[in-house]
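> Sequence isn't available, so here's the structure alone:
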């Protein structure tokens, strides 16, 4: 009898715990959910307190990034309201610019009870730069940031983010270790987590809209950064063509590895036609 | 719709011509151009000059050093590429004598037997026409699709041989030719997260009307490793393995690595190539033998024309 009462007590206790846990769990849905509120949780090193500013990029539209507000009670918790209206969680994905880093891209899940979309990001140590690009003479250029998924940051997804280049600073561009020439580094080696694949920042000359299907020149690659001195540099048309040639030889331009003199001439002629042989690319990399 | 028909026709051509192909001459530089990099048609005429020691023609050693000259004309439009290439290989012709013994002509030096690797055609001129189709495959949200090329080649080389009759000393000329048809298809796949690049080569070469008529079929896979830099030089390696018929050995009988150093001089716009290509080939008569081919050559574009260039000024651009 005593044993039966104890068993009943245990069952009731378990039931109460389950009910309590259920009441604390948000009703998250992966079904289509429309809202303009995004609830963001930051996880991992270097710690949420290091993050001072969060910009949200939705579905790769870099030029329409919007800022998030920190929860005063929880430094790992940020909220953002999309200024241009609501979005459907089943259609969009998000990434963050943190000032000291960036995140992968992730879809959000709708919280039906709270009326918000929720997303959590791991914050990694990485080498990022604020990149400012101008050309002389001014020609229309766009860029695409190809961001890989990371297995430790599920459910991150590969994505392409981009915009038309306006000459304004582009925040938190993730540079691989190889892309940072020793005199560009300025930080300790252990700053960069070698297990992470960096994004590819593809510069698309003469494009008024970013095109995810066009390879472009990878800016955060040693083929181009070796022409910079310190954190800035002017890269002339010949060096741009050489960088194209090197990236093509290393199979980084979405073709087989090629030593193609004809491709070299095609690059030259395309740039010459765009800029009458005087193109200078000014790149400024600002460390945070 | 028209493009689809053209693509379908091309695929049918590939299938129907699948019994043909050729190894690229050592002095034929890459000429792939990613069709996404320019919206307009492009024409490039290129001159190539140089020399090679131990020249090898379609896996057939010539056993002499040669000079060469090539004029390559390439026209790129949409997803297609058309080439016409004229090349001259300079070397010495071995004198051929003939004895009409028992009514049959017997040539000296004696041509290689049917279970030995055929002799390369004598140095001379060759005309080559090529047609290529570019097709983007794969890719993903973070990466653009990969652009691969599929190319048909046909070449024609006249072979004129001066023959001296041993008995009379009378000279005559034998006029023949060598025809070659080829398919060269880029391949791309991923293994363990790594890109694997290559080309599948399939070829048929037929020599007729000469003192040494031979034919061969070749199928090979060329693995193309990504290049690397050493100062101003770009370096790369390729590895070709395959089988060639008509030499008394079946199965895998060709192993051909190649190493290339490439340097572009921006002032003269010339490209300097140094290629070392050791060829290990097996024949029924001689087993495995290695031939070392080293070529040094320069190329330079003579004429480059990007048709309908866009020069609308500051706001010019493409979407």
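That came in fine, so what should we check first? Just so it is clear, the model here is predicted, and its values are computed rather than measured. Numbers count the residues shown, from 1 in each chain, chains lettered A, B, ... in the order given.
> which residue packs closest to residue 156, ignoring adjacent ones?
The chain I'm using is chain A. residue A:104 (3.6 Å; C-beta to C-beta, 6 or more residues apart in numbering or on different chains). The way it works is simple: take the backbone N, C-alpha and C, and place the C-beta from them, glycine included.
> my bad, chain B
residue B:127 (5.1 Å).
> got a list of what that neighbour touches?
Residues in contact with residue B:127, defined by C-beta atoms under 8 Å, 6 or more residues apart in numbering or on different chains, are B:84, B:85, B:86, B:155, B:156, B:157.
> That one in helix, strand or coil?
With DSSP: H, G, I helix; E, B strand; the rest coil as the basis, residue B:127 sits in strand.
> How much space separates it from chain A?
Going from residue B:127 to chain A by C-beta to the nearest C-beta, to the nearest Å gives 19 Å.
> Mind listing the residues bridging to that residue?
residue B:86, residue B:156 (DSSP bridges).
> So for it, what's the pLDDT?
pLDDT recorded at residue B:127 is 97.
> Quick one: the helices in the stretch 101-250 of chain B, in order.
Taking DSSP state H, counting those that start in this stretch as the criterion, the stretch 101-250 of chain B contains no helices.
> Pick out whichever of the contacts of residue B:127 sits closest to residue A:152.
Comparing the contacts of residue B:127 against residue A:152 with C-beta to C-beta places residue B:85 closest, at 51.4 Å.
> show me what contacts that closest one?
B:28, B:70, B:71, B:72, B:73, B:127, B:128, B:129, B:130.
> which residues does the residue lying closest to residue A:207 once chain neighbours are set aside contact?
Excluding the flanking residues, the one nearest residue A:207 by C-beta to C-beta, 6+ apart is residue A:142, at 4.3 Å. Shown in contact with residue A:142 (C-beta under 8 Å, 6+ apart): A:162, A:163, A:164, A:165, A:204, A:207, A:208, A:209, A:210, A:211.
> Correct me if wrong: the second one contacts residue A:211.
In other words, residue A:163. No. With contacts counted by C-beta atoms under 8 Å, residue A:163 stays clear of residue A:211, the gap being 11.9 Å.
> What parts of the stretch 101-250 of chain B come near chain A?
For the stretch 101-250 of chain B, the residues in contact with chain A (C-beta under 8 Å from any C-beta of the partner chain) are B:136, B:139-148, B:186, B:188, B:195, B:197-199, B:224-229, B:234, B:236.
> Report the separation between residue B:239 and residue A:36.
56 Å (C-beta to C-beta, to the nearest Å).
> again with residue B:300
60 Å.
> List the beta-bridge partners for residue A:70.
Under DSSP bridges, the beta-bridge partners of residue A:70 are residue A:78.
> For it, give its distance to residue A:122.
18 Å.
> between the two, which one's more packed in?
A direct count of neighbours by other C-beta atoms under 10 Å in any protein chain shown for residue A:70 and residue A:122 places residue A:70 higher, at 19 against 16.
> Test my guess that that one contacts residue A:76.
No. Residue A:70 is beyond contact range of residue A:76, at 9.0 Å (criterion: C-beta under 8 Å).
> in what helix or strand does the residue nearest to residue A:207 lie?
Counting by DSSP states H and E, the element that carries residue A:142 is strand A:141-147.
> just residue A:243 next, same as before
Residue-wise, residue A:243 maps onto helix A:237-249 under DSSP H and E.
> Rounded mean pLDDT for that helix, please.
94.
> Which elements pack onto that helix?
Applying 3 or more C-beta pairs under 8 Å, 6 or more residues apart in numbering or on different chains; DSSP states H and E, one finds that helix A:237-249 makes contact with strand A:217-218, helix A:222-225, helix A:261-275, strand B:233-244, strand B:254-265.
> Pick out the shakiest of those, pLDDT-wise.
Ranked by mean pLDDT, those end with helix A:222-225 at the bottom, a mean of 88.
> Check the offset of that helix from the chain's centre.
20 Å (C-alpha atoms, centre = their mean, to the nearest Å).
> which of the residues in it are buried?
By neighbour count with 16 or more other C-beta atoms under 10 Å in any protein chain shown, helix A:222-225 contains the buried residues A:222, A:223, A:224, A:225.
> Kindly provide the distance from the nearest residue to residue A:36 once chain neighbours are set aside to residue B:220.
Nearest residue to residue A:36, sequence neighbours excluded (C-beta to C-beta, 6+ apart): residue A:86, at 4.2 Å. Residue A:86 sits 58 Å away from residue B:220, going by C-beta to C-beta.
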